[in-house]
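Chemist: sequence first, then the predicted structure:
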Amino acid sequence: MTTAIIRDEERMELKGEALAIEGHLNDLILISSAAVGDGRPASQLFAEVEEKSLRLSERLPYGSSSSHDALQLLLQLHTLRAAIAEQGSTIIEGGRAELEAVKALEITRRMERRLDQAILEDSDEAAKFIFGATNSWATADQAKLLGVSSKTIGKWKKGGPVKQNASRVRLAAHLTYYLRPGHTEIGLWFWFNNPASQLDGRTPLQVINGEGKPAEVQLIAYARGGRGQLG
C-alpha cells in the first residue's frame, strides 16, 4: 500500500475538495440544459472541475495512492473534454461524453475512499480503528489477529505506541475497513478465521501469518471482492 500519512485536519480538507469535484461531475452528468440551477453554463462547470482537480493533485502527497488517482482523474478529464468536443456541445447527455464523465466520477469516488483510508497508515490510529471494529472480540482473539500478546493489546488500548508488528496492524486495519460495511463484529471474526477457496483453503489469518507482499495483495483483493469493490 502506498497511501501516505496525512494529518487528519488536512485529510478532511482534501476529502472536502474531492467531494466538491464529485458534486460538479454529478451536475454535468445530470444536466439537461445549457445552464445549471445557479445560472452557470455547463462549460464553466467543467472548467471548475479541471481547476479543482489540478489544485487537489498539487496538494496530495507525492507517491500516495490518492495522488495517483488525482493524476488519473486529470487524464480522464482530458479524455472527457475531447468527447465533449466530438459531440459539439458543452452538454453531457448520452453518448461517449456521458460515459467518460461517469468514469471520471468513479475515479473521484475511489480517491475519496483512499483519503478515508489514509489515517490507517498511522499504526496507532490503525490499532484504534481495529479495536473499535472488534470491540466484542476477546482480547486473545485481537492478539491473534495482530500477532502480539494479550498484554501488548492491553498496553495499546491504554494509548501505548504501536511499534511491534506495525505493518501487520496497518494491513489488518485496511482489511477491516473494506469489510466493516458488510460485516458485524462476529462476521469479521468469521471472515478472518474461516478457510476460503480463494485463498487455497487457508484462512485469512493463516495468510497474514505468512510473510511478504503477495499475501497483502491477495488478502486485499479477497476483501474487496467480498464487497464487489474494484478500487
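Modeler: Nice, thanks for sending it over.
Chemist: with only the CA atoms kept, save the helix or strand of the chain with the lowest mean pLDDT in PDB.
Modeler: Lowest on mean pLDDT, DSSP states H and E among the helices and strands of the chain sits helix 213-227, with a mean of 78. The C-alpha trace of helix 213-227 is given here as PDB (Å, rounded to 0.1, in the frame of the first residue of the first chain):
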ATOM      1  CA  LYS A 213       3.700  -8.500  -0.200                       C
ATOM      2  CA  PRO A 214       1.900 -11.200  -2.200                       C
ATOM      3  CA  ALA A 215      -0.100 -12.100   0.900                       C
ATOM      4  CA  GLU A 216      -1.100  -8.500   1.400                       C
ATOM      5  CA  VAL A 217      -2.200  -8.200  -2.300                       C
ATOM      6  CA  GLN A 218      -4.100 -11.500  -2.100                       C
ATOM      7  CA  LEU A 219      -5.900 -10.600   1.100                       C
ATOM      8  CA  ILE A 220      -6.900  -7.100  -0.100                       C
ATOM      9  CA  ALA A 221      -8.200  -8.500  -3.400                       C
ATOM     10  CA  TYR A 222     -10.300 -11.100  -1.400                       C
ATOM     11  CA  ALA A 223     -11.600  -8.400   1.000                       C
ATOM     12  CA  ARG A 224     -12.600  -6.100  -1.900                       C
ATOM     13  CA  GLY A 225     -14.100  -8.900  -3.800                       C
ATOM     14  CA  GLY A 226     -16.500  -9.600  -0.900                       C
ATOM     15  CA  ARG A 227     -17.800  -6.100  -1.300                       C
END
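Chemist: list of residues touching it?
Modeler: Contact with helix 213-227 is made by 1, 171, 174-175, 178-179, 181-182, 191, 196, 198-199, 204, 207-208, 230, as judged by Cβ atoms under 8 Å, 6 or more residues apart in numbering. All C-beta atoms are positioned from the backbone trio N, CA, C, and that covers glycine.
Chemist: for this protein, what spans make up the helices?
Modeler: Applying DSSP state H to the chain gives helices spanning 8-30, 42-59, 65-87, 95-118, 123-133, 139-146, 150-157, 166-179, 185-193, 204-208, 213-227.
Chemist: Throw these into JSON lines and include mean neighbour count, thanks.
Modeler: As requested, the helices of the chain are exported to JSON lines (neighbours: other Cβ atoms under 10 Å):
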{"stretch": "helix 8-30", "mean neighbour count": "17"}
{"stretch": "helix 42-59", "mean neighbour count": "17"}
{"stretch": "helix 65-87", "mean neighbour count": "19"}
{"stretch": "helix 95-118", "mean neighbour count": "20"}
{"stretch": "helix 123-133", "mean neighbour count": "20"}
{"stretch": "helix 139-146", "mean neighbour count": "19"}
{"stretch": "helix 150-157", "mean neighbour count": "16"}
{"stretch": "helix 166-179", "mean neighbour count": "21"}
{"stretch": "helix 185-193", "mean neighbour count": "16"}
{"stretch": "helix 204-208", "mean neighbour count": "19"}
{"stretch": "helix 213-227", "mean neighbour count": "15"}
